[in-house]
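*Asks:* Sequence first, predicted coordinates after that:
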Amino acid sequence: MSTPEIHVLPTSLRNQIAAGEVVERPSSVVKELVENSIDAGSTQVDVVVERGGQGFIAVKDNGHGVAADQLKLAVTRHATSKISNVDDLAAITSFGFRGEALPSIASVSRFKMSSCRKGADEGWFIHVEGGDVADEGPAAIPSGTSVEVRDLFFNVPARLKFLKTENTEARRCNQVLFKVALANVGAGFSFTSNGREQFRLPAGQTLPERLAVFWPRNICESLLEFSHEAGDMKVHGCAGIPGLAQGRGDRIVMFVNGRPVQDKLLLSAIRGAYKGRLISREYPQAVLFLELPPELVDVNVHPAKMEVRFQEESSVFSIIRNGIGQALSRYELGIVEGDSHFERQSEMPVRPVLREKKLSESVSLPIEPAAKFSSWNEFKNTDFTAMDDEPEAAASFVKTDFTSSMAEHRPEPDMVHERPMDYTAQEVQAAEQNQHEPFAAGPVFVPGSRIEYLGQVVDTYLVLKLPNGSLGLLDQHAAHERVIYENMKSLRTRGESRPLALPIDIALHPSEVQRVQEMWEDLQAAGFMLELESGQTLSMRGIPPGLETGEAREYLKAAVDGQAKTLDDLWIMLSCKSAIKANLSLAVDEALSLLEAWVKCPQREYCPHGRPVLVSWSALEMEKLFKRK
Ligand code: ADP
Ligand code: MG
């Protein structure tokens, strides 16, 4: 075989590759364009979408505009007006800085940008089609910028497949704008979809006024405002009262220095503030703004900048938990500030924490800590699977992260109950009252099934009342193996791959090379993007989207060293490895989320090795056991 020649990719292809990361769906386009408008100092931003944004997206603003001779640069990759040197990168104050959004969008759509700088006589437009400049010229436009994106992904049909229905995509665009609008109350926004104006927010509204446009009145009226400072960090925002908690986490919105993020650390800290105040599957409403010096947070870790990295994670965790926790304590103790709706609330029982609550099946539930993590240490010792951008997924990851969070990394008991110095005596007492007692209260239905969870015995078996009335004992390890195994299998059927920013190299022994080659196709089908370099080094460039990088590497090692001969072997082995072990006490919410996942599995009666997961006794069998029959 001749050595392949190395060549530099053409610009349009490079932009399309970048677009793969930045422009995932129409709402990503809306996000990038609107953020550009805010960066340009706009006080009015109007967004129009058609057919969920796939047909048409327009964002018009009254910002400072782009000079005619610079429009071409604006759609050139790595061209930005926002940073110039590496010091700027360390202290970013704008939304944008990568100079990638416009060229990426323009490479996968029919793109037109018109702009007029303040005070200029005339505007200018540029028309880019699939990455190539098709036309440009003078434009009659008031000062500001207008970007129109037509036929998104017309030249990358593979992307279209991943889009959801037009309604769903439109809703995502709406949500993106909603979030930007919450963080920029000084500017006015409007959103129109398929010719219908869905909202119009005048400039200068307060945060509660803005929220009232989107959230139900009873929630908005009882939101508690909080503001808390520690060192050079500050948190502020609104948090819902525990009594109005909801079953989904879709009303939790988080910002870091004005940038909307989906960050598991922040989410855990919010949940931590409600620990002991909510039952396991309830979520509060919260709008959280965290402000900190830009050099303490790295926003350049995710192409769409949804994730951030903090230098002082534990301080971030504490300030949020304390900021919201203190507002809740004040409310519960009846210390109320100001207006009438607070007074009304203070008539509610102010005794904190313990509160019976009806669940869907009108079964009363043992009061469980709402949050998995009440302390920083607990959070830190936990490894997570990725969060995606579904709002519901964002908040429910806490209950679906079994695979990695519980197996190896379960914190030591003294860490779980570790109390930071700033817990009040009352909070400590509340936490103690709330410690888990498996059989303390009545049964709980497993979500989505008619199985009742009764409790855990010998830290290994979950006791169930099955829909036909039988008594069931479920082996938690075996059940979790089945759940993980099925997850892995479904990953394969989708065959998608998540590219790694930095490929991971694994050196191979000559005997291992052949094994890898035998499993090559299987591994590709599972979502591994691999390359065998110089015959000895296996380079992992992409991994199945549901796996952490570390897990993926473990997988691959197992295949390489012959522990697994087929992909199925690999999964069985790895599901066993990462499943929760026996002799591990599970909180009710943990047991429930395991059961919830397990009831959905095919062949759930057996673990992948073929051992039983569930043993049960019918009424008759029980009678026999007691020699009644
Ligand atoms: P970035 O925002 O990372 O700089 P973009 O590709 O999003 O990269 O935009 C490139 C440049 O185009 C920006 O740096 C900015 O100078 C200019 N620009 C984009 N959108 C607007 C806008 N709405 N108003 C004014 N300037 C804009
Ligand atoms: Mg930008």
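*Replies:* Cool, the structure landed. Ligands and ions are numbered 1, 2, ... in the order given.
*Asks:* domains in this protein, as residue ranges please.
*Replies:* As given by automatic domain parsing, the domain ranges for the chain are 11-198, 208-337.
*Asks:* Tabulate these in JSON lines, adding columns for distance to ligand 2, mean pLDDT and mean neighbour count.
*Replies:* Backbone N, C-alpha and C define where each C-beta goes, glycine included. Shown next, in JSON lines, are the domains of the chain (distance: least, C-beta to the ion, whole Å; pLDDT from 0 to 100; neighbours: other C-beta atoms under 10 Å):
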{"stretch": "domain 11-198", "distance to ligand 2": "3", "mean pLDDT": "90", "mean neighbour count": "19"}
{"stretch": "domain 208-337", "distance to ligand 2": "10", "mean pLDDT": "88", "mean neighbour count": "20"}
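*Asks:* looking at those, which is closest to residue 451?
*Replies:* Taking C-beta to C-beta, domain 208-337 is the member of those nearest to residue 451, at 15.6 Å.
*Asks:* As JSON lines, the domains of the chain with distance to residue 588 would be great.
*Replies:* Converted to JSON lines, these look like this (distance: least, C-beta to C-beta, whole Å):
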{"stretch": "domain 11-198", "distance to residue 588": "32"}
{"stretch": "domain 208-337", "distance to residue 588": "6"}
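*Asks:* okay, those in TSV with distance to ligand 1 next?
*Replies:* Formatted as TSV, the domains of the chain follow (distance: least, C-beta to the nearest ligand atom, whole Å):
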stretch	distance to ligand 1
domain 11-198	2
domain 208-337	10
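*Asks:* Select, out of the ones you listed, the one closest to residue 525.
*Replies:* Across the domains of the chain, residue 525 has its closest neighbour in domain 11-198 (16.9 Å, C-beta to C-beta).
*Asks:* quick one: terminal-to-terminal distance for that closest one?
*Replies:* Start to finish, the residues bounding domain 11-198 are 38 Å apart (C-alpha to C-alpha, to the nearest Å).
*Asks:* who wins for proximity to residue 603 among the domains of the chain?
*Replies:* domain 208-337 (26.8 Å).
*Asks:* Now do the closest one: distance to the chain's middle.
*Replies:* Centroid displacement of domain 208-337 relative to its chain, using C-alpha atoms, centre = their mean, to the nearest Å, is 15 Å.
*Asks:* Any chance of the backbone angles for the closest residue to residue 152 other than its chain neighbours?
*Replies:* Excluding its sequence neighbours, the residue lying closest to residue 152 (C-beta to C-beta, 6 or more residues apart in numbering) is residue 109, at 4.7 Å. Main-chain dihedrals, residue 109, degrees, to the nearest 10: phi -160, psi 180.
*Asks:* can you check the one 3 residues further on too?
*Replies:* The phi and psi torsions at residue 112 (degrees, to the nearest 10) take the values phi -130, psi 130.
*Asks:* So what sits opposite it in the bridge?
*Replies:* In this structure, residue 112 bridges to residue 127, residue 148 when assessed by DSSP bridges.
*Asks:* Would you check that it makes contact with residue 133?
*Replies:* No - using C-beta atoms under 8 Å, residue 112 makes no contact with residue 133, being 11.0 Å away.
*Asks:* who touches both of the two?
*Replies:* Listed contacts common to residue 112 and residue 133 are 126-127; contacts here mean C-beta atoms under 8 Å, 6 or more residues apart in numbering.
*Asks:* Kindly export the top strand by length along the chain (C-alpha atoms) in CSV.
*Replies:* In the chain, taking DSSP state E as the definition, the longest strand is strand 498-507. Taking C-alpha atoms only, strand 498-507 is exported to CSV below (Å, rounded to 0.1, in the frame of the first residue of the first chain):
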residue,chain,number,x,y,z
ARG,A,498,-17.9,11.3,19.7
PRO,A,499,-14.6,12.7,18.4
LEU,A,500,-12.0,13.2,21.0
ALA,A,501,-10.2,16.6,20.9
LEU,A,502,-6.9,14.8,21.8
PRO,A,503,-6.6,11.2,20.5
ILE,A,504,-5.5,8.7,23.0
ASP,A,505,-2.7,6.3,22.0
ILE,A,506,-2.3,2.8,23.2
ALA,A,507,0.9,1.0,22.5
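*Asks:* Show me what it is packed up against.
*Replies:* Here strand 498-507 touches strand 529-533, strand 537-543, helix 549-560, going by 3 or more C-beta pairs under 8 Å, 6 or more residues apart in numbering; DSSP states H and E.
*Asks:* again, only this time at 7 Å
*Replies:* Packed against strand 498-507 by the contact rule (3 or more C-beta pairs under 7 Å, 6 or more residues apart in numbering; DSSP states H and E) you find strand 537-543, helix 549-560.
*Asks:* after that strand, next one along is what?
*Replies:* Past strand 498-507, further along toward the C-terminus, the next helix or strand under DSSP states H and E is helix 510-526.
*Asks:* Give the buried residues for that next one.
*Replies:* Neighbour-count burial for helix 510-526, counted by 16 or more other C-beta atoms under 10 Å, picks out 512-513, 515-516, 519, 522-523, 526.
*Asks:* now the residues you listed in a markdown table, with distance to ligand 2?
*Replies:* Shown next, in a markdown table, are the buried residues of helix 510-526 (distance: C-beta to the ion, whole Å):
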| residue | distance to ligand 2 |
| --- | --- |
| 512 | 45 |
| 513 | 45 |
| 515 | 46 |
| 516 | 41 |
| 519 | 42 |
| 522 | 41 |
| 523 | 37 |
| 526 | 35 |
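*Asks:* Provide a list of residues in contact with the nearest residue to residue 282 once chain neighbours are set aside.
*Replies:* Residue nearest to residue 282 in three dimensions, not counting chain neighbours: residue 245, with 3.8 Å by C-beta to C-beta, 6+ apart. Residue 245 makes contact with 278, 282-284 under the criterion C-beta atoms under 7 Å, 6 or more residues apart in numbering.
*Asks:* Same check on residue 27?
*Replies:* Contacts for residue 27 (C-beta under 7 Å, 6+ apart) come out as 53, 169, 172-173, 176.
*Asks:* Let me know the helix or strand that the residue nearest to it when sequence neighbours are not counted is in.
*Replies:* Leaving aside its sequence neighbours, residue 27 sits nearest to residue 172 (C-beta to C-beta, 6+ apart; 3.8 Å). Assigned by DSSP H and E, residue 172 belongs to helix 166-183.
*Asks:* just the strands in the stretch 101-250 of the chain please.
*Replies:* For the stretch 101-250 of the chain, the strands defined by DSSP state E, counting those that start in this stretch occupy 110-116, 123-129, 132-139, 144-150, 188-193, 196-201, 224-230, 233-239.
*Asks:* Could you measure from residue 533 over to ligand 1?
*Replies:* According to C-beta to the nearest ligand atom, to the nearest Å, residue 533 stands 33 Å off from ligand 1.
*Asks:* now swap in residue 453 and tell me
*Replies:* For residue 453, the distance to ligand 1 - C-beta to the nearest ligand atom - is 49 Å.
*Asks:* which residue sits closest to that residue, ignoring its sequence neighbours?
*Replies:* Once flanking residues are discounted, residue 453 sits nearest to residue 444: 5.0 Å by C-beta to C-beta, 6+ apart.
*Asks:* Quick check: closest non-adjacent residue to residue 571.
*Replies:* Nearest one to residue 571, counting by C-beta to C-beta, 6+ apart, is residue 488 at 4.4 Å.
*Asks:* same deal with residue 285?
*Replies:* residue 240 (3.4 Å).
*Asks:* any idea how far residue 227 is from residue 327?
*Replies:* Look at residue 227 and residue 327: by C-beta to C-beta, to the nearest Å, they are 9 Å apart.
*Asks:* swap in residue 156?
*Replies:* From residue 156 to residue 327 the distance is 47 Å (C-beta to C-beta).
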